[in-house]
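S.K.: what's the 3D shape of this:
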Amino acid sequence: MNYKETKQILLVFFITSTMMMTAMFSQAQQANPYFCCDSITYWTDQSQGLTVGLDTTNMIHNPDSMEVIWSVCNTTICYSGSGMYAFFGQIMTTDTIKVCYDVFLYESNLVETCSRCDSLVFDQNTYSWILFSMGNTTAIHEIKLNKVNDSRLYDMLGRELTKVKIGQMYIRNNKKYIMNVKN
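M.R.: So this is what the prediction gives:
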């Protein structure tokens, strides 16, 4: 065998082994189903109570079957439901709620579990449930103080005074003072 024949045989061997490895890799991928927990979301609907539903439209791969377990909690109690959609008539728009789901995806005798929990508040402006975060509270308004500078004297308990003794602490126009000389 000369150099040219040896090079051709090695090239054929390399191409054949690459094709075999590609085929084996494809079979291995098909043997292990591909699920996408990060592509599962849910939606909410406010009517009388709370309706939640699983949204699987972004899933790339469809499993043989799936099971969905829901849990919705307000500040006092948790409620459970199952199925692609669940209704919780006990939930009110004044509640801050926690919505959780566990999705069990079955295919080829394998199971994958997808779990998620979110805290939600009801936004009266959009009339929808939104994710609760420190930046989106919807029902707290700042109190505006009415400052009155009337030069009246008050003790530390807020009682109005007519006279102040030497050494006594008092409040005038929202500032603290101590009487140290006789008026």
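S.K.: Hmm, residue 106 is touching residue 66, no?
M.R.: Yes. Checked against CB atoms under 8 Å, the pair residue 106 and residue 66 is within contact range at 6.8 Å. C-beta here means a position set from N, CA and C on the backbone, and glycine is covered the same way.
S.K.: Tell me which of the two has more neighbours.
M.R.: The neighbour comparison of residue 106 against residue 66 (other CB atoms under 10 Å) goes to residue 66, with 20 against 15.
S.K.: Show me what the more buried one is bridged to.
M.R.: Going by DSSP bridges, residue 66 is paired in beta bridges with residue 105.
S.K.: which ones are touching it?
M.R.: Neighbouring residues of residue 66 by CB atoms under 8 Å, 6 or more residues apart in numbering: 56, 103, 104, 105, 106.
S.K.: Looking at these, spot the one nearest residue 120.
M.R.: Distance to residue 120, by CB to CB, is smallest for residue 103 among the contacts of residue 66, at 18.4 Å.
S.K.: how many other residues sit next to residue 53?
M.R.: For residue 53, using other CB under 10 Å, the count is 17.
S.K.: now it: how far from residue 43?
M.R.: As judged by CB to CB, to the nearest Å, residue 53 and residue 43 stand 5 Å apart.
S.K.: ditto for residue 65
M.R.: 21 Å.
S.K.: of those two, who's got more company?
M.R.: Legend: neighbour count by other CB under 10 Å for residue 65 and residue 43, higher for residue 43 (12 against 9).
S.K.: Which strand or helix spans that one?
M.R.: Secondary structure assignment for residue 43, by DSSP states H and E: strand 41-47.
S.K.: Give me the residue at the spatial middle of this protein.
M.R.: residue 118 (3.4 Å; CA atoms, centre = their mean).
S.K.: That one contacts residue 131, correct?
M.R.: Yes. The pair formed by residue 118 and residue 131 meets the contact definition of CB under 8 Å, at 5.9 Å.
S.K.: for residue 38, helix, strand, or coil?
M.R.: Put simply, residue 38 is helix when judged by DSSP: H, G, I helix; E, B strand; the rest coil.
S.K.: How many residues are close by it?
M.R.: Burial of residue 38 is recorded as 10 neighbouring residues (other CB under 10 Å).
S.K.: Quick check: it vs residue 54, distance?
M.R.: 14 Å.
S.K.: List buried residues within the contacts of residue 66.
M.R.: 56, 103, 105 (16 or more other CB atoms under 10 Å).
S.K.: Sort out which one of those lies nearest residue 170 for me.
M.R.: The closest of the buried ones among the contacts of residue 66, once distances to residue 170 are taken by CB to CB, is residue 103, at 66.2 Å.
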